[in-house]
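>>> what's the 3D shape of this:
(2 chains)
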Amino acid sequence: MSSSIERTPAAAGTDRRTFLQRVALTGVALGPGGAFLASCATGGNGDDTDDEATEAPTGDVSEENPLGIPTDQPIEVYIFDGGFGDEYATELHQPIFHERWPDIQIDHHAAVDIAGELQARFVAGDPPDFINNSGDGQMDPGQLISDGLLADLTPLFDAPSWDDPEVKVRDTLLPGTIESGTQNGKPYVLNYAFTVFGLWFNQTLMDENGWPVPTTWQEMMDVCADIAATGIAPWVYQGVTAPRYMNWPLLSMATKLAGPEILVPIDNLEPGAWGHEAIKESAAAIRSLRENNYFLPGVEGMEFRDAQGLWARGEAVFCPSGSWLENEEADAIAENPTFQLAMMPDPLLSEDSVMPLETVRATAGEPYVVPADAKNPLGGMEYMRAMLSMEGARGFTERVTSLTSVAGSSEGVQIEAPGLASAQAALEAAGDNVINWFYPNWYKTMENPGIDQATGALLRAELTVDQWVEQCEAAATQIREDDSIVKQTREG
Amino acid sequence: MNMRHGKYPFILAFLLPPVGIYAIYMLSPYVQAIYISMTDWSGLTAAQTFIGFDNYVEMWNDDQLRKALWNNLILVLVVPVLTLLLGLFFASMLNVGGRSRGGAVTGVRGSSIYKIVYFFPQVLSVAIIGIVFKYVFAPENAGGILNRVFGAIGLDGLQRLWLAEPNYLIWIIVLVMTWSFVGFYVVLFSAAMQSIPRDIYEAALLDGSSRLTTFRKITVPLVWDTVQVGWVYMAIQAMDGFATVHIMLGINGGVEGAGDVLGVAMYREAFAESDFGYAAAIGVLTLVLALAVAMVFMRGLRRERVELA
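Reported below is the predicted structural model:
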């Protein structure tokens, strides 16, 4: 694959034609079908990629219409119909949009399998104007960007916000939101929901037994010993499906110990990044959970939903996850009305850690994009601007029990879900000490299967910490040395 | 003479539409797949960049693909053998295996019930089979049926975390596929055995032939044609294994990717890694292998035909 980065789309067509001619000449398995092959099938042309931007309709830029959208053109919207459903779009965001733009018709679609419905339209150069590119059928955002299929959202972020013309959209967002959707220095993805990561624990069990919420790893080990003595499992993780979830406490604890700088070389794929002493210390701590038999028996052979379900039913106390967990396990949680869950920040490995206990990993998620070849890309961006209004964001939090990337939008919102409320409190307590790492978004296959398999083996204690570091390094090396993958870098 | 002259346009007029449809919907996708396998197409863009045989070179150096290939080899060799042996055995027991009662050649007692029971797996979709068996092999506390059975009969020593153990994965797949295929072949072989004249069996019985001998010397040779068809068909099914593996073990082929097969590798490259070019190259490899397997099996199994008439 070494030659593949030197893309020459214009030449591609000729190559294909030459190839097909040759095949037709030699008559390999082609027979009478050859003639129309060149015209159908793989027959897209490379030459219609750049002219869309100039064709895109515009309107007059004014204070009312800062993006200069055409005020009479429809916009086609695709919402992923998953955990959030699509009513938040039809009953909340679209009415907000309509109030300002009564003449713009919204062609709304909900889809469970986004790629299944839209991949062919991307190939045909006829994608919709706004896509909630999420779920199992998500189209790889990195690939969409490197193929030049997404619109640069800079105009949106530079535009005045929906509520206040004095404040730009980019200044209404939580820190890290725009970066989380940025590649090659340009923002292509709007990540709207805000996820807080940490350890989710069974508050009911902790209270009943008088177990303290551990703040250091030593306290964690003491509590685990107490929990294990009662016959309850101290920890679960996402089993055979996603052992990588355990990387989250692993990397968070290492970062608290040594500071956020250690994440930069990991994201930048620098050799030796995974061998940092803090990461090794953290990995050893995580591995000691297995050495002490603190995991739910059999968890390494379980589906993640089974493992989380057993946790929600009180068979284990700690579970690493993000703030979606409460929604995901809503059924199991509802079985027992006394069950309370809460989130805690990952404990400190040492008293003299560089970052405070309150540090949390949090990031904007739930991606929304505007395709570059859309008929009305500005319309799609205007829709985003409406979503990012205070009313749109606050309503989203109320409706789907998720925080949003709009700063302050959950203030005053009475969050009834105890787990999310604790996550919101943890995020507030963290202040500026919010960390995140980007490599799983940038290089999907490095995280899974790469690091995922290494961590799975570490959790089964089949690898020593040093061997685990070696495997993580190998996963990073594989990405680093694959010329066909466009590399990302971060500064700090 | 005139008749003969007008014959070809007439035939052509009838043949062109089906041949045309076949060419568009069958041949052209093959050819396109071969072309795509020589590009770095992501599956998202309108244009593809031609990169020659780079994908095939990459395939040669891909350890995970080797693993998948090896697993497919196990499937192709083991699943058909197991299924055929079991299918023939069950079918002959159902049709001719019973103790002779009053000189008639019949199946074992209760064969009409068994016939239906054996066919059950065939009416279940692969998705259901995959999910059910995921829970057969799950840990005991997550509802694992097999481990519970072992626990209940005191064989705790045999309890394993089946799906967490890389070495077991492909054999679990072998077992599940065999289980789901056997029913169909029991019915297929039953039909073939029904067409064997009863008097041949009666003659064998009169000569004092044992059931095993009857099976080896009479039943098997007389249904060999059907066995051969079933063998090839099953080998091609086993080349696939996509749905079973994907549902039971996930898109990476389970722990350490140890249960990976070519079909899943192809799907993963195309839809998880947005590398349709490489996926198409795996597809071409699968096509070549399927053709090769079919040819080897057809040749290796050629036997003299027994004329019954």
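
>>> what's around residue A:483, how many residues?
13 (other CB atoms under 10 Å in any protein chain shown). C-betas here are computed from N, CA, C, even on glycine.

>>> Give me the pLDDT for it.
We note a pLDDT of 85 for residue A:483 in this prediction.

>>> Nearest spatial neighbour of the closest residue to chain A within the stretch 201-309 of chain B, chain-adjacent residues omitted?
Per CB to the nearest CB, residue B:274 is where the stretch 201-309 of chain B lies closest to chain A, at 3.8 Å. Distances taken as CB to CB, 6 or more residues apart in numbering or on different chains place residue A:143 nearest to residue B:274, at 3.8 Å, with adjacent residues excluded.

>>> Same question for residue A:192.
residue A:366 (5.1 Å).

>>> go on, residue A:269?
Counting by CB to CB, 6+ apart, the residue nearest residue A:269 is residue A:480, at 4.5 Å.

>>> Is it correct that that neighbour is in contact with residue A:272?
No: taking contacts as CB atoms under 8 Å, residue A:480 lies outside contact range of residue A:272: 11.8 Å.

>>> who has more neighbours, the two?
residue A:480 (17 against 10).

>>> who's in contact with that one?
Going by CB atoms under 8 Å, 6 or more residues apart in numbering or on different chains, residue A:480 touches A:269, A:271, A:487.

>>> Now do the contacts for the residue most central in space within chain B.
The residue lying closest to the centre of chain B (CA atoms, centre = their mean) is residue B:237, at 2.8 Å. By CB under 8 Å, 6+ apart, the contact list for residue B:237 reads B:79, B:177, B:181.

>>> again with residue B:270
Taking CB under 8 Å, 6+ apart, one finds B:43, B:276, B:279, B:280 in contact with residue B:270.

>>> Now for chain A, the helix or strand with the poorest mean pLDDT.
Ranked by mean pLDDT, DSSP states H and E, the weakest helix or strand in chain A is helix A:34-37, scoring a mean of 38.

>>> what is the mean pLDDT for stretch B:295-303?
Here the average pLDDT along stretch B:295-303 is 73.

>>> swap in stretch A:58-70?
pLDDT averaged over stretch A:58-70 gives 87.

>>> Touching it from outside, list them.
A:57, A:71, A:100-101, A:104, A:155-156, A:159-160, A:165, A:376, A:378-379, A:381-382, A:385.

>>> what does stretch B:108-121 give?
Contacts for stretch B:108-121 (CB under 8 Å, 6+ apart): B:90, B:93-95, B:97-98, B:129, B:179-180, B:182-184, B:186-187, B:190.

>>> what's the farthest-apart pair in those residues?
B:98 and B:129 (30.5 Å; CB to CB).

>>> rewinding a little: if I read this right, the residue nearest to residue A:192 contacts residue A:181, doesn't it?
No: Residue A:366 lies out of contact with residue A:181 (CB under 8 Å); the separation is 10.7 Å.

>>> Spatially central residue for chain A, please.
residue A:365 (4.5 Å).

>>> Dihedrals phi and psi, it?
Phi and psi for residue A:365, reported as degrees, to the nearest 10, are phi -140, psi -170.

>>> before we move on, what about residue A:435?
Torsion angles, degrees, to the nearest 10, at residue A:435: phi -120, psi 160.

>>> What of residue A:106?
According to degrees, to the nearest 10, residue A:106 has phi -100, psi 120.

>>> Next one: the closest residue to it other than its chain neighbours from chain B, what distance?
Of all residues beyond its chain neighbours, the one nearest residue A:106 is residue A:94 (5.3 Å), with distances taken as CB to CB, 6+ apart. As judged by CB to the nearest CB, to the nearest Å, residue A:94 and chain B stand 27 Å apart.

>>> Residue A:94 touches residue A:104, doesn't it?
No: taking contacts as CB under 8 Å, residue A:94 lies outside contact range of residue A:104: 10.2 Å.

>>> Same question for the longest helix anywhere in chain B: list its buried residues.
Criterion DSSP state H: the longest helix present in chain B is helix B:63-95. For helix B:63-95, the buried set under the neighbour-count rule, 16 or more other CB atoms under 10 Å in any protein chain shown, comprises B:65, B:67-69, B:71-72, B:74-76, B:78-80, B:82-84, B:86-88, B:90-95.

>>> quick one: which of the contacts of stretch A:58-70 is most hemmed in?
residue A:382 (30 neighbours).

>>> In what element of secondary structure is that one found?
helix A:377-387 (DSSP states H and E).

>>> which residues sit against that helix?
By CB under 8 Å, 6+ apart, the list of residues contacting helix A:377-387 reads A:53, A:56-59, A:67-70, A:73-75, A:77, A:93, A:96-97, A:100-101, A:104, A:106, A:129-130, A:151, A:153, A:155-156, A:159, A:161-162, A:169, A:190, A:192, A:368, A:370-371, A:374, A:392-393, A:396.

>>> cool, and stretch A:159-178?
With CB under 8 Å, 6+ apart as the criterion, stretch A:159-178 contacts A:63, A:66-67, A:96, A:156-158, A:187, A:191, A:194, A:362-364, A:381, A:385-386, A:388-392, A:405-407, A:432, A:434, A:436.

>>> Looking at those, which are in strands?
A:187, A:191, A:194, A:362, A:363, A:364, A:434 (DSSP state E).

>>> can you pull the contacts of the first one?
In other words, residue A:187. A:152, A:153, A:154, A:157, A:178, A:181.

>>> Likewise for the second one?
Under the criterion of CB under 8 Å, 6+ apart, the neighbours of residue A:191 are A:177, A:180, A:181, A:363, A:364, A:365, A:366, A:367, A:368, A:405.

>>> Show only the entries of those found in helices.
Short answer: the contacts of residue A:191 in helices (DSSP H) are A:177, A:180.

>>> Residue A:239: which of the contacts of residue A:191 is nearest?
residue A:365 (22.1 Å).

>>> Residue A:195 is in contact with the closest one, correct?
Yes: counting by CB under 8 Å, residue A:195 is a contact partner of residue A:365 at 4.8 Å.

>>> what residues are shared contacts of those two?
residue A:322.

>>> How many neighbouring residues does the residue in the stretch 101-250 of chain B positioned nearest to chain A have?
Closest residue of the stretch 101-250 of chain B to chain A, CB to the nearest CB: residue B:139 (2.8 Å). Residue B:139 has 28 neighbours, counted by other CB under 10 Å.
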